[in-house]
Each structure stands twice: as structure tokens, then as C-alpha cells.
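**Student:** Provide a 3D model corresponding to the input given below.
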Amino acid sequence: MSEPSPYAAAIARVPVREDEVGLRGGRTRFWVYGADDAPHRVVLLHGLRGDHHGLEPIVAHLTGARVVVPDLPGFGQSLPLPGDAHDVAGYAAWTRDLLAAVAPAGDVVLAGHSFGSIVAAAALGRPAPSAAGSVPAPRVRGLVLVNPIAASALAGPRVVVTRLTVLYHHLAAALPERAGTALLRHRLMTRVASTAMATTRDPGLRRWIHAEHDRYFSTFADRATLLQAFHASAGHDVGEFAAGIAVPTLLVAAERDDIAPPAAQRALAGRFPDARLAMVPGTGHLAHYEAPAAVAAAMSAFLTALPVP
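**Tutor:** Sure, this is the predicted structure:
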């Protein structure tokens, strides 16, 4: 019997519809949460190896907003990009096209969690990576980055763990396709990663987090897509794009996040022309699972403070 979600009742109260859009030759599935006439509109990108389910706890606590949550290409129910690499450039180009499709008026706030924070920053920032046929950087009201990647994992505080993770992915790439994919989807490896990231001491919440990772951590389309996305996540950070982001920005950091620690978050905030930092106490890189109400509260305050479009 699977561990019940502590947020199930709150999520069930939020109206939701599922839709699909053709982008860059592929098909992107997305979910629209909240009322169509909500005063704020948000497009929210998930992190590596996740899908839209992981962000539902935040959405459930984010009142007064209509939130579009896509599955990134090659993950969840979205098809891979047929003509682009699944790297920062490819995902940034896809994000710009997504915004043009779902928020053509520009009355939207772009947001991203973890790897999604790199993608969101790259979509708006300069220098922005280029991809053939990409639309220009879109007009948005603001940017929210949750557990943002403040420094490349290859140079961060968990460099030893990162190098071991890189070796694991190199091994998966070197094996025959079937064996390599099986290694990437192995439940033991998923549990190791989940245990390393969870900081909560609540045993029920920990069991649910592990169950969520068991359900959704291996929904990537194929080995090549995951490996491209992994190397993009490990080799880049938000700071590369911060100076060129011209809209108000909120960084929602976590006090116990050793992937993106508070000192690095404070330094990152100083690299934006206009950024503020909200620190969520007592949690780590899984703030979207462990403290979604606090994340949503910080986002709501930021949305309310933005100038009326």
C-alpha cells in the first residue's frame, strides 16, 4: 500500500485541466491549475527527472493564481524534442516557445524549481543560449526560482557526490542500451538519491517522498534524453544568466539545502539587477515536498507586490 499524500486534500480542491501543445516539432503535455480569472498567471517548470506531479503541493497552496505546469520534453508525458538537444539551450528555446503559446500577452510570471531554475533563467537571461528557430526572449512580469542552482554542481559543496553521480551516468552510457536504461531506472539508485535529498524528520513524509520518487523519477523517455539533461544540470547554474534578467526576481532558497546552500544563494541574489531572497527554514532541496506552504507564501507575496500589468 502506497504512502498517502499529505497534500492530497488540498490538491483535490484545485480545479485542473490537462492540455497539449505542439512545440519545436514535439508534443508537450501541460496542466492548468486554478481559475481562469485568477489575478495572477504563472508558468512553473519542474526539476531533473521529475514531472508536473512534484510541483502540485506548491500549486495547492498558491492561492489567487492560474498555474501552468508542463512536463519538460522527454519527461513525464511530454515527448522528446526531435530537433534539439535536451540541454540548457534546447530547453530554454522550448520555454520561450511555450510562453509564446500559453501566455502570448506576457502577463505571466515564469518560475522553475532546481534544474527548472536554470532553464527558466536561461530562457530570459543574457547571454541566452541559442537554438535554431527559437523565438526571442518573451515578455514576462517576473521570475521565481525555487531551490535555484546557485553554482555548478561540479564546483559546489557536494563535488565528491556529484563526481560519483557523473561516474554512475557515464557507466549507464557505456553499457548496452537496455542495460544502461535499467541502471538509470533502478529503484535502489532512486532510493539513494531520494534519501540523500530528504531532510524532514517526519517518517510519514519521508515515506511519501520516497514513494513519489519511485513513481515519477524514472518516467524519462529514453537514456539519451536523460543523459543530455543530466549533464546540462550538472554543468550549468543560474548565475550564468542572472545579470541579463531584466524583470523582478524572487529566489526561494532553503536553509538546509546543501546542493544550493544559503551563502551561495545570497551571492547569487547580488548578481541580478533586481532580486530578493526568501529563505525557507528547516528544509533542504526538496522544499516543494517538505515545505510547499512556505514556498507558496513567498511566491504569493512576490506576485502581489509586482506592478499591475
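**Student:** Check the contact between Ala294 and Val280; I expect there is one.
**Tutor:** Yes. With contact defined as C-beta atoms under 8 Å, Ala294 and Val280 form a contacting pair (4.7 Å). From N, CA and C alone the C-beta is placed, and that goes for glycine too.
**Student:** Give me the more crowded residue out of the two.
**Tutor:** The residue with more neighbours, out of Ala294 and Val280, is Val280; 23 against 20, by other C-beta atoms under 10 Å.
**Student:** what residues are up against the more buried one?
**Tutor:** 252-255, 287, 291, 294-295, 298 (C-beta atoms under 8 Å, 6 or more residues apart in numbering).
**Student:** what's the closest of those to Ala242?
**Tutor:** Comparing the contacts of Val280 against Ala242 with C-beta to C-beta picks out Ala253 as the nearest, at 14.0 Å.
**Student:** Tell me the pLDDT of the closest one.
**Tutor:** Ala253 is assigned 97 on the pLDDT scale.
**Student:** can you check Ile259 too?
**Tutor:** So Ile259 comes in at 87 (pLDDT).
**Student:** can you give me the helices in this protein?
**Tutor:** Taking DSSP state H, the helices of the chain run over residues 8-12, 56-61, 88-102, 115-124, 159-174, 177-184, 187-197, 203-216, 223-235, 239-242, 262-269, 287-290, 292-305.
**Student:** Specify the beta-bridge partners of Glu18.
**Tutor:** Beta-bridge pairing for Glu18 (DSSP bridges): Trp31.
**Student:** dump the residue contacts of it.
**Tutor:** 29-32.
**Student:** what number of residues lie near Thr28?
**Tutor:** With other C-beta under 10 Å as criterion, Thr28 counts 24.
**Student:** could you measure the residue nearest to it when sequence neighbours are not counted against Glu18, distance?
**Tutor:** Spatial nearest neighbour of Thr28, excluding adjacent residues (C-beta to C-beta, 6 or more residues apart in numbering): Ser78 at 4.8 Å. Distance, Ser78 to Glu18, using C-beta to C-beta, to the nearest Å: 12 Å.
**Student:** Likewise for Pro248?
**Tutor:** For Pro248, the distance to Glu18 - C-beta to C-beta - is 31 Å.
**Student:** I'd say Ala150 and Ala260 touch.
**Tutor:** Yes. With contact defined as C-beta under 8 Å, Ala150 reaches Ala260; the gap is 4.6 Å.
**Student:** okay, and the common contacts of those two?
**Tutor:** By the contact definition C-beta under 8 Å, 6+ apart, Ala150 and Ala260 are jointly contacted by Ala253.
**Student:** ok, which stretches of the stretch 1-150 of the chain are strands?
**Tutor:** For the stretch 1-150 of the chain, strands defined by DSSP state E, counting those that start in this stretch occupy the ranges 16-23, 26-33, 40-45, 65-70, 109-113, 142-146.
**Student:** contacting residues around Gly116?
**Tutor:** 44-47, 72.
**Student:** send the alpha carbons of stretch 73-89 over as PDB?
**Tutor:** C-alpha atoms of stretch 73-89 as PDB (Å, rounded to 0.1, in the frame of the first residue of the first chain):
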ATOM      1  CA  PRO A  73      10.300  17.400 -23.100                       C
ATOM      2  CA  GLY A  74      11.400  13.800 -22.700                       C
ATOM      3  CA  PHE A  75      10.000  13.500 -19.100                       C
ATOM      4  CA  GLY A  76       6.600  12.500 -17.900                       C
ATOM      5  CA  GLN A  77       4.000  12.600 -20.700                       C
ATOM      6  CA  SER A  78       5.900  15.100 -23.000                       C
ATOM      7  CA  LEU A  79       7.700  13.700 -26.000                       C
ATOM      8  CA  PRO A  80      11.400  14.400 -26.500                       C
ATOM      9  CA  LEU A  81      12.500  17.300 -28.800                       C
ATOM     10  CA  PRO A  82      13.100  15.800 -32.200                       C
ATOM     11  CA  GLY A  83      15.400  18.500 -33.500                       C
ATOM     12  CA  ASP A  84      17.100  20.000 -30.400                       C
ATOM     13  CA  ALA A  85      19.400  18.600 -27.800                       C
ATOM     14  CA  HIS A  86      18.000  18.200 -24.300                       C
ATOM     15  CA  ASP A  87      20.400  20.700 -22.800                       C
ATOM     16  CA  VAL A  88      20.100  24.200 -21.500                       C
ATOM     17  CA  ALA A  89      19.900  25.700 -25.000                       C
END
